[in-house]
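# I would like to see how this sequence folds:
(chains A and B)
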2 protein chains.
Amino acid sequence: MLTNPRSDRVKAVRALSRRSVRSRSGEFVAEGPQSVREALRHRPDAVRDVYVTPEAADRHPAIVDAARAAGVTVHDTAPEVLAAMVDTESPQGLVAVCRAVDRPLDEVLDGLPERALVLVLTHVRDPGNAGTVIRGADAAGADAVVVSDASVELYNPKVVRSTAGSLWHLPVSVGAPVTEILDGLRARGVALLAADGAGTTLLPEVDLDRSHAWVMGNEAWGLPEPLRAQCEEVVRVPIHGHAESLNLAMAATVCLYASAGARHPDGRGDTPVGTEAGSDVGVGGRG
Amino acid sequence: MLTNPRSDRVKAVRALSRRSVRSRSGEFVAEGPQSVREALRHRPDAVRDVYVTPEAADRHPAIVDAARAAGVTVHDTAPEVLAAMVDTESPQGLVAVCRAVDRPLDEVLDGLPERALVLVLTHVRDPGNAGTVIRGADAAGADAVVVSDASVELYNPKVVRSTAGSLWHLPVSVGAPVTEILDGLRARGVALLAADGAGTTLLPEVDLDRSHAWVMGNEAWGLPEPLRAQCEEVVRVPIHGHAESLNLAMAATVCLYASAGARHPDGRGDTPVGTEAGSDVGVGGRG
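Below is the predicted model of the structure:
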């Protein structure tokens, strides 16, 4: 049992709350049962250590078993030690130190299927928005997520948490300049669709029955004009009432689900219905 | 200029941060330029007082003019006095005390058009979620929002803020028991569609070409079984990737926009394109 909140090990985990340390070490922290479970389920190779309090180990035996089965060291950890490892008020007794899972841009783009659906995030600043949109892309069946160097960092703990595990579910590339991303997509025949409140094309008018990427910009001011000009269409979600706009996560989800609808008109998904014992079922569902 | 942060007037505004005081007085507080502008634009009759710092008055002359034109008293207010009125860290120099705008359930239901789109919220606990979903309902062109007595209070400052003005845009009823709400809708021929991750009907399978209401439940556990049983269909948003679910606001927005798509297949909305000078344009758009 780890009982010393001032040990070097605890300090090393705690230091991962700093971006510079994450970037130097290539490691980051996943907090809470959902994140840790999804990391172990989808990318066990990328999990280095799991820290668990006695109470959380009792509550989530399947997570502890999965970690051990994957050859990941599980550290029994006193609650006050776990609390010293992270900023979060309630990591629910479970923390994993993970290796970065992003891949080089070209590798991600070369791996796209023939009729691809891609999400590009650039100039997105709010961690919760970025994570929520990645979760939406996963749910809509996107083939890849690409985050530009001008966006909030993927391994920010708030981004990781708000992806609700989706970070480990689909190929992600981070850190390339946005023009390189757009050029790479265009070179591979992926149509670039900017989602922006200033768009002149309405979402229902767009041809989504082809390889395409949704390019999402800043929460408040959208996409810079030079980037809009590089996209084939600048698309806006129609507003039928008196609302001025949708927020980024809502607009992105509506766009991504329009794409999903074009790919799967009957709504049947690619994912077999599974039993997600103990998971937050939420208000979407497996289809 | 109001300069005394300890005056009775300031204390009275401050007291509206308490639910009991709001409920007794029938008043609540709108914070920030977007909320205050939308209140004055759509429900000037419901705005009692506007408090504005000199800096905010310089930055938002149109809001101050609109208040005066509506016969609302505008109080020049020192920044430290405004800060003492609200909990928010940055009300951006503008606060309005407003009268409650909800209407009795029967009045809202009797006012529904022939082919209605309604949002029902029940057991929703998070203020940000509730407000965001109301904003989504407005954007999707819903005809009314009904919030049950088992939900977070509509006039909670965080709900008001996250509606981004939509609170004043469409008829809202609050405080009725959910069974009374569902009975009232059913009696008026409005089909009840529960949105729930445990649903057996996929969203693209549902007939949305009729009067219907989306019934949204709790963020974590959805709708209680007795309520699901009262709905004609229990609908889930298809999940195509490995995500376990969508969060409440995302699922609600996807459902509401599916309804909007059934009503306006070409995406053209009911709202004329307006100039929204100085407003946060965001990533949706007027259509």
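# what's the neighbour count on the spatially closest residue to A:Asp110 that is not a sequence neighbour?
With CB to CB, 6 or more residues apart in numbering or on different chains as the criterion, A:Asp110 has its nearest non-adjacent residue at 8.0 Å, and that residue is A:Arg188. Where you see a C-beta, it was placed from the backbone N, CA and C, and this is true even at glycine. Neighbours of A:Arg188 under the rule other CB atoms under 10 Å in any protein chain shown: 15.
# likewise A:Asp149?
13.
# Got phi/psi on it?
phi -70, psi -10 (degrees, to the nearest 10).
# and what of the one 5 residues further on?
Listed backbone geometry of A:Leu154 is phi -60, psi -30, with angles given as degrees, to the nearest 10.
# low-confidence ranges in chain A?
Along chain A, the model assigns pLDDT under 70 to residues A:269-287.
# swap the cut-off to 50 and go again
The model of chain A has pLDDT under 50 over residues A:270, A:272-282, A:286-287.
# Tell me where it has helices.
A:8-15, A:19-25, A:32-42, A:54-59, A:61-69, A:79-85, A:105-110, A:127-139, A:157-162, A:178-187, A:225-230, A:248-263 (DSSP state H).
# quick check, the third one touching chain B?
Yes: figure legend: helix A:32-42 in contact with chain B (CB under 8 Å from any CB of the partner chain); contacting residues A:Gln34, A:His42.
# For that helix, enumerate the helices and strands it packs against.
Contact partners of helix A:32-42 among helices and strands, from 3 or more CB pairs under 8 Å, 6 or more residues apart in numbering or on different chains; DSSP states H and E: strand A:47-52, helix A:61-69, strand A:94-99, helix A:157-162.
# contacting residues around that helix?
Here helix A:32-42 makes contact (CB atoms under 8 Å, 6 or more residues apart in numbering or on different chains) with A:30, A:46-47, A:50, A:56, A:59-60, A:62-63, A:66-67, A:70, A:72, A:88, A:91-92, A:94-96, A:98, A:160-161, A:164-169, A:278-280, B:242, B:244.
# Could you say which of the helices and strands packed on helix A:32-42 is packed most deeply?
strand A:94-99 (a mean of 24; mean count of other CB atoms under 10 Å in any protein chain shown).
# Name the nearest residue to A:Gly141, ignoring sequence neighbours.
Nearest residue to A:Gly141, sequence neighbours excluded (CB to CB, 6+ apart): B:His240, at 2.8 Å.
# If you could redo that for A:Leu119, that was the one I meant.
Using CB to CB, 6+ apart, the closest residue to A:Leu119 is A:Ala137 (4.1 Å).
# likewise A:Glu114?
In space, A:Glu114 is closest to A:Ser211, 7.2 Å off (CB to CB, 6+ apart).
# ok, the one you found to chain B distance?
To chain B, A:Ser211 is 16 Å away according to CB to the nearest CB, to the nearest Å.
# Backbone dihedrals for that residue, both of them.
Torsion angles, degrees, to the nearest 10, at A:Ser211: phi -60, psi 130.
# so how far is A:Ala12 from it?
43 Å (CB to CB, to the nearest Å).
# Could you do A:Arg48 as well?
On the measure of CB to CB, A:Arg48 and A:Ala12 end up 11 Å apart.
# about what we covered before: who has more neighbours out of A:Ser211 and A:Ala12?
A:Ser211 (17 against 14).
# mind listing what that one touches?
A:Leu112, A:Glu114, A:Arg115, A:Ala116, A:Leu117, A:Arg188, A:Gly189, A:Val190, A:Ala191.
# Tell me the residues of the stretch 51-200 of chain A that contact chain B?
Checking the stretch 51-200 of chain A against chain B by CB under 8 Å from any CB, the hits are A:132, A:135-142, A:164-166, A:169-170, A:195-199.
# Go again with 10 Å.
With the criterion set to CB under 10 Å from any CB of the partner chain, the stretch 51-200 of chain A comes near chain B through A:117, A:128, A:132-143, A:162-166, A:168-170, A:194-200.
# ok, of those, which come out buried?
Those of those that meet the buried threshold are A:117, A:128, A:132-143, A:162-166, A:168-170, A:194-199, by 16 or more other CB atoms under 10 Å in any protein chain shown.
# In contact with A:Arg22, which residues?
Residues near A:Arg22 by CB atoms under 10 Å, 6 or more residues apart in numbering or on different chains: A:Ala15, A:Leu16, A:Phe28, A:Val29, A:Ala100, A:Glu153, A:Leu154, A:Tyr155, A:Asn156, A:Pro157.
# how does it look with 7 Å?
A:Leu16, A:Phe28, A:Tyr155 (CB atoms under 7 Å, 6 or more residues apart in numbering or on different chains).
# so how far is chain B from A:Gly111?
Taking CB to the nearest CB as the measure, A:Gly111 falls 15 Å from chain B.
# Is it correct that that residue is in contact with A:Pro171?
Yes: if you go by CB atoms under 7 Å, A:Gly111 and A:Pro171 touch, sitting 6.1 Å apart.
# ok so, going back, pipe the helices and strands packed on helix A:32-42 into CSV and attach distance to B:Asp76 per row.
Converted to CSV, the helices and strands packed on helix A:32-42 look like this (distance: least, CB to CB, whole Å):
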stretch, distance to B:Asp76
strand A:47-52, 55
helix A:61-69, 58
strand A:94-99, 51
helix A:157-162, 38
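# ok, A:Asp264 touching B:His240?
One thing to correct before we go on: residue A:264 is His, not Asp. Yes: between A:His264 and B:His240 a contact is recorded at 6.4 Å, counting by CB under 7 Å.
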